[in-house]
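J.: starting from these lines, generate the structure:
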Amino acid sequence: MSSILVVEAEGTITSLLKAALEINSYQTVTVLNGGDAVQFVLREIPHLIVIDLLSPGLDGYGLIRRLRDHPKCMHIPILVVGRAASRAEKIHAFELGIDGYITRPIDADELLAYVRRQLCRMQQTSLSPLTQLPGGLQLERAIDYKLCSMEPWSILYLDFDHFKAFNDAYGFLAGNDMIILLSRICQGVVYEYGNAEDFVGHIGGDDFLILTTPDRATVIYRQILERYKHESKALYRPEDIQRGSISAIDCKGCPYDIPLVSLSIGIVSDQWHYPRNVVEIGTLVAQAKRLAKQSPENVYQISDWALLQRYLHSSNTFPAFSSKVNRFPRSLLRAVQEDSLAKY
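T.: Predicted coordinates for the structure are as follows:
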């Protein structure tokens, strides 16, 4: 069930929303302070946040700033309820990134109109319409946020093998089901085994990124691979599962076998010392994924920077990039997206 977070002391707003929205499968959750609100948002990713600025002891503006600064929840609409504030106070609230300001006394119809409008907008944002996961600039900002922190990090790049062949044999709707399955598995595993701030993003197509910490990376990728191997069987015909491949016909009418779709995971961690640059990270995760596809375990973790540099300089398929990082500013995810498009 999707959730709406209400930060208030009295419970008035919560009661109004529960009566009107829970019949539409929205669960309304109440917390009393900013710290609990941030933890709930990072863990549960609600569809909407409503903040009562008049709640005792609550630094409402500070809470708004924390929510808007964090890439994991920067996209979530925020409505605030306050007194008939001065024009300057309202401008300040909107400059912090709120999506609506409702004054007391609360008009129930006005509140519900705001809420319904924001919930509708959530379905029209930059989130993937297929997986409802963030991508694009939000994903890039999440990686930049990790690099700027003092905490250790690991980035997992997940990508299907033989996915186009599966799409051709089973149809794009079945391909969508496989992408949705991987999205659900990633979110479930990260929720169960990851940290509250871990980030799951959908680059596009069958490409996903997970931002976590090195101590959680191994259990996360092992759980994802295990669950995917088990749960993906439901997407195939029984005879294909029994044979271990998909029987298809090529453009000349000749039969041939397609391997079942496997999952490759490339991993990059900050376990070595090198200049932290978002362009380099984008390049590294794409390279880690390529190496994972060549590994019999379908997993490759870059753990030696010097060894990787020698590999890149000796490879004709991927030129050295260290001298170009500051000379050619570009999107972090361009290398990842170009690598993804190359499959098609």
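J.: in the stretch 101-250 of the chain, which spans are strands?
T.: Per DSSP state E, counting those that start in this stretch, the stretch 101-250 of the chain carries strands over the ranges 154-161, 199-204, 207-212, 245-249.
J.: buried ones in the last one?
T.: Neighbour counts using 16 or more other CB atoms under 10 Å place residue 246 of strand 245-249 among the buried residues. Every residue, glycine included, has its C-beta placed from N, CA and C.
J.: who are the packing partners of the following helix or strand past that strand?
T.: Under the assignment DSSP states H and E, the closest C-terminal helix or strand after strand 245-249 is strand 255-259. Here strand 255-259 touches helix 163-170, strand 245-249, going by 3 or more CB pairs under 8 Å, 6 or more residues apart in numbering; DSSP states H and E.
J.: just checking: what are the partner strands of whichever helix or strand comes after strand 255-259?
T.: Sequence order places strand 262-269 as the next helix or strand after strand 255-259, per DSSP H and E. Partner strands and pairing direction for strand 262-269 (DSSP bridges) are strand 154-161 (antiparallel), strand 299-302 (parallel).
J.: closest one to residue 293 among those?
T.: Taking CB to CB, strand 154-161 is the member of the strands paired with strand 262-269 nearest to residue 293, at 6.2 Å.
J.: low-confidence stretches in the stretch 1-150 of the chain?
T.: Low-confidence regions of the stretch 1-150 of the chain, defined by pLDDT under 70, span residues 1, 23-24, 85, 123-126.
J.: give me that answer again for 80
T.: Within the stretch 1-150 of the chain, the stretches falling below the threshold (pLDDT under 80) are 1-2, 20-25, 84-86, 120-126.
J.: domains in this protein, by residue range?
T.: Split into domains by automatic domain parsing, the chain comes to 2-122, 136-342.
J.: now these as JSON lines including distance to residue 129?
T.: Compiled in JSON lines, the domains of the chain are given as follows (distance: least, CB to CB, whole Å):
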{"stretch": "domain 2-122", "distance to residue 129": "12"}
{"stretch": "domain 136-342", "distance to residue 129": "10"}
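J.: nearest to residue 130, out of the ones you listed?
T.: Ranking the domains of the chain by proximity to residue 130 (CB to CB) places domain 136-342 first, at 6.1 Å.
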